[in-house]
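Trainee: Structure for the following, please:
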Amino acid sequence: MGLEPLHGLKDVDLVYFKNAQSESDEHSERQRIKKLFKDLPIPIDVINEARVHEWYLTKFGYEIPAYSSTEDGINTWLPAFSIGIRPEASGIKLFAPFGLTDAFEMIVRPNKRQITEEIFNKMVLHLRKDWPDIQVISWS
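Mentor: Now for the predicted structure:
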């Protein structure tokens, strides 16, 4: 395709799971991590998956149940983006509950576990601006 490696990336999500973390503590953690990665060419979006249910209603207009782990949160993302990596002593652990095919083949399909059709369609419109050749699997 000839695209730059970071083409279309607005940010990188760095997610973690820490129960009983206050909003203030999460903010401090976010600032600490952003400072560590300040030299990256794109912003880091730091999210404690244990607290997503606390702000989801305000951002998206409906409530969701609390996640039980980072993986539980990743399971709600669009399959092409449901990819997590974690450094471990033995190397890197990959978590891709839907596999990697959609990411490599530029296929965008809905994950109906959490989002609505309206949200999915808005995401597709946004994604098509940077990647007009994506293959979209319709909601129905």
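Trainee: how many other residues sit next to Ile64?
Mentor: 15 (other C-beta atoms under 10 Å). In short, each C-beta sits where N, CA and C put it, glycine included.
Trainee: Tell me the secondary structure of Arg113, please.
Mentor: coil (DSSP: H, G, I helix; E, B strand; the rest coil).
Trainee: Make residue 1 into 144 and carry on from there
Mentor: In the new count, where the first residue is 144, that last one comes out as Arg256.
Trainee: and it, how many neighbours?
Mentor: Arg256 has 10 nearby residues by other C-beta under 10 Å.
Trainee: ok, the residue lying closest to it once chain neighbours are set aside to Pro184 distance?
Mentor: Leaving aside its chain neighbours, Arg256 sits nearest to Thr219 (5.1 Å; criterion: C-beta to C-beta, 6 or more residues apart in numbering). Distance of Thr219 to Pro184, computed by C-beta to C-beta, to the nearest Å: 28 Å.
Trainee: do the same with Asn218
Mentor: For Asn218 relative to Pro184 (C-beta to C-beta), the value is 29 Å.
Trainee: One more: Leu268?
Mentor: Distance from Leu268 to Pro184, by C-beta to C-beta: 25 Å.
Trainee: same thing with Leu157?
Mentor: Relative to Pro184, Leu157 is positioned 15 Å away (criterion: C-beta to C-beta).
Trainee: more neighbours, those two?
Mentor: Applying other C-beta under 10 Å to Leu157 and Pro184 shows that Leu157 carries more neighbours, namely 15 against 7.
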